[in-house]
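Asks: predicted structure and sequence below. I'll ask about it afterward.
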Amino acid sequence: MSKASVEDIKLASAGLRGQLAEQFADTSTPNIPEDSNILLKHHGSYQQDDRDVRAERTKAKLDKAWSFMIRSKMPGGRISSVQWLIHDELCSKAMGSMRLTNRQGIQLHGVLKGGLKEVIHNVCHSGLSTMGACGDVVRNTMGPAAPLKDAIHADTQKLTEEISQRFLWRSQAYADIWLDGEKIDPEWIKDPEVNPAVRAATKAPEGDDPIYGKVYLPRKFKMAVAIQPCNDVDIYSQDVGFVPHVVNGVVEGYTMTVGGGFGMSHGQLSTRPFLAQPLFYVKRANVVDATEAIVTTQRDHGNRTERKNARMKYTVQTMGIDAFRSEVQRRLPGIETFPAKELHFDSVEDNLGWHEQGDGKLYCGVHISMGRVADAEGKPQYRSCFREIAKTINCPIIVTPNTNLILADIDPADKASVDAILAKHGVVHSDGMTRARKVAHACVALPTCGLALSESERVLPGFMDKIDATLRELGLADEPILFRMTGCPNGCGRPYNADFGFVGRSPNKYAMFVGGSIRGNRLAGLEFKTVLGEDVPAKVRTFLEAFKAERQDGEIFADWFARTRTTGEAPTPEQFHIELAERAAKLAGQKTEAAG
Ligand code: SRM
Ligand code: SF4
């Protein structure tokens, strides 16, 4: 019997319900069938196994060491101290740590099957949710991390919440499976009024969910809001991006971008990262409706036969941006769209350290190495530190897109207490770090990620120690240079627009991409197909030395690279289209053969 496709599984799931309730009630097994894992993702959880012990367990003829990862969703990364403490407590049901994600969420790893319901129940009762944190739906909506108190930041945060609300999937299955039928809405503001004409034009072809229908989206869908010139959310890597245009201190509307995305497979030119392109500008009142028109265009035109080419970046490339725009506009009866405004961004970095918020209060951005909030031996005691801050200062907390934390709304009178708690636990917010270290990030990879081909989170800090030493030696410690790493080409660490991106190929082997930009608006090229882990710092050093020798006054690394080098091997759009067509023909051939 052939394996059911993801599309078939979603279609047959009756609103993503499947057999999940029965399977999680069954305590006789530590895992669930793979088909159910596909549905489970939409509920914000993944089945995983401990890869550190996989080989030895296989040798001993033991089953895998199964567990579940749970991802909490919070628009713009906002979480209260009370919610933080609930997550901190839930760490005891997981592997003792929290992982901040680079989409401003929180992951708990290593939850056993019998504990999953309790964890999801507690996350929901805290006022957050795991619904749609993974799966073929709209994911956590990112927003500017800085908690500045002005009309623009207020509006961008409101927009992340409106989008989150509009695109939550609607079936009762989530409440029935995890909350014994209790309906708990996340703490986000209520949906702005849906324009009936737009809803009619964007209606799902069939099924109960007003936007997603019965088969949801062809693939995951990601959105982020950015305020120029700060590109902390990495807007060009998103399916949809939003940038406010301000007139007389008030947000008049948003420029929307589409078609960014980073996943690819090594050596397959029909898969590749794309940067988002401008779509149009719309007035504020129409932004969420315009987003619905984009999401449903992808729902109806995205590739549902080949998951490798199912992201919206491929839909935009295949239709062409003009045809894509026309289709979106057709779904917006009576709504005027305007040419996109010109955008200018200067950096994807976070603003770490102490800053004024604009209302007499302060915020403090704290560096968290690789987003891992743990109390590991010989390392900063992050978990104890933030537990104490949440208990004693009780401030709003924000997860940044670079997996750091911001402590917000701090009374200037409490600054010394916060500093004392950080120091007591060995946590340095940013002082004394190289600028590169503050923003360097690696995806999770081993031991939990089932797709990892190499280490990432566990090795980048060691590589950065050596790179830091070089940066200091060459007098480049304050230079904006972006280092990112991922354990496989899926690109979770967003390596493809970094100055230096390392992409796992196999244990201790990385493809090395160079020549993106700290502004987030340029793709890097493949410079070396394979570099051994231990050779990474030396390879980086060569570029840093050349930069130091050749840079012009005030020139940053990204601009030096663009002026003096050409990026390494990167598929041209033409190569991509040829290979995409060849792949489609091959697949069609395989299907005909199978049918015959
Ligand atoms: Fe990711 C899959 C972790 C951000 C592209 N990602 C995964 C899974 C769930 C592995 C799996 O499918 O079995 C990883 C779980 C590992 C673990 O053990 O925790 C995983 N992705 C992460 C996180 C935690 C990495 C991090 O360092 O923070 C991020 C969670 C964000 C969140 O809160 O939602 C994360 N993933 C990203 C990003 C960056 C972003 O979203 O801004 C990307 C590239 C941008 C994009 O989507 O194009 C990304 N993840 C992928 C892909 C490739 C998608 C594609 O288009 O081909 C996969 C694999 C897949 O979907 O088939 C994937
Ligand atoms: Fe896993 Fe690959 Fe994503 Fe890293 S990039 S978390 S290895 S899927």
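Replies: The structure has been received and is ready for your questions. Ligands and ions are numbered 1, 2, ... in the order given.

Asks: going forward, measure contacts between C-alpha atoms and count neighbours the same way
Replies: Fine.

Asks: ok, how many other residues are close to K308?
Replies: Neighbour count for K308, taken as other Cα atoms under 10 Å: 16.

Asks: so it is in contact with T271, correct?
Replies: Yes: the criterion here is Cα atoms under 8 Å, and K308 meets it with T271 at 7.0 Å.

Asks: which residues of the stretch 201-350 of the chain score low on pLDDT?
Replies: Judged by pLDDT under 70, the stretch 201-350 of the chain has no weakly predicted residues.

Asks: of all of it, which residue lies closest to ligand 2?
Replies: Residue nearest to ligand 2 within the stretch 201-350 of the chain: G263 (8.4 Å; Cα to the nearest ligand atom).

Asks: hmm, A477 is touching K438, no?
Replies: No: using Cα under 8 Å as the test, A477 is too far from K438 to be in contact (10.9 Å).

Asks: quick one, which of those two is more surrounded?
Replies: Counted by other Cα under 10 Å, A477 and K438 do not tie: K438 has more neighbours, with 25 against 20.

Asks: can you name the residues of this structure that neighbour ligand 1?
Replies: Along the chain, the residues adjacent to ligand 1 under the rule Cα under 6 Å from any ligand atom are 101-105, 133, 140, 237, 261-264, 311, 442-445, 448-451, 490-494.

Asks: of those, which belong to strands?
Replies: Judged by DSSP state E, strands contain the following of the residues of the chain next to ligand 1: A442.

Asks: drop anything exposed from the residues of the chain next to ligand 1.
Replies: 101-105, 133, 140, 237, 261-264, 311, 442-445, 448-449, 490-494 (16 or more other Cα atoms under 10 Å).

Asks: helices - which of these land there?
Replies: Nothing among these maps onto helices, per DSSP state H.

Asks: what about the strands in the stretch 351-500 of the chain?
Replies: All strands of the stretch 351-500 of the chain, identified by DSSP state E, counting those that start in this stretch, fall at 353-356, 362-366, 372-373, 397-399, 405-410, 441-442, 483-486, 500-506.

Asks: chain center to the second one, what's the gap?
Replies: The gap between where strand 362-366 is centred and where its chain is centred comes out at 22 Å by Cα atoms, centre = their mean, to the nearest Å.

Asks: can you list the strands that that strand pairs with?
Replies: strand 353-356 (antiparallel), strand 405-410 (antiparallel) (DSSP bridges).

Asks: report the contact partners of the spatially most central residue of the chain.
Replies: Taking Cα atoms, centre = their mean, the centroid of the chain lies closest to R103, which sits 3.4 Å from it. Shown in contact with R103 (Cα atoms under 8 Å, 6 or more residues apart in numbering): 77, 140-142, 233, 400-401.

Asks: could you rerun that using 6 Å?
Replies: P401 (Cα atoms under 6 Å, 6 or more residues apart in numbering).

Asks: just the pLDDT at it, thanks.
Replies: Here the pLDDT value assigned to R103 is 98.

Asks: from G371, how far off is it?
Replies: Relative to G371, R103 is positioned 11 Å away (Cα to Cα, to the nearest Å).

Asks: now E579
Replies: 37 Å.

Asks: of those two, who's got more company?
Replies: Ranked by neighbour count (other Cα under 10 Å), E579 and G371 place G371 first, with 26 against 16.

Asks: quick check: the more buried one touching N102?
Replies: No: between G371 and N102 there is no contact under Cα atoms under 6 Å: 8.2 Å.

Asks: mind listing the shared neighbours of the two?
Replies: T403.

Asks: excluding sequence neighbours, find me the nearest residue to L275.
Replies: G260 (4.4 Å; Cα to Cα, 6 or more residues apart in numbering).

Asks: what sits against C443?
Replies: Going by Cα under 6 Å, 6+ apart, the list of residues near C443 reads 457, 486, 492-493.

Asks: apologies, that question was intended for R522.
Replies: By Cα under 6 Å, 6+ apart, the neighbours of R522 are 497, 516.

Asks: which secondary structure state does it sit in?
Replies: Three-state call for R522 (DSSP: H, G, I helix; E, B strand; the rest coil): coil.
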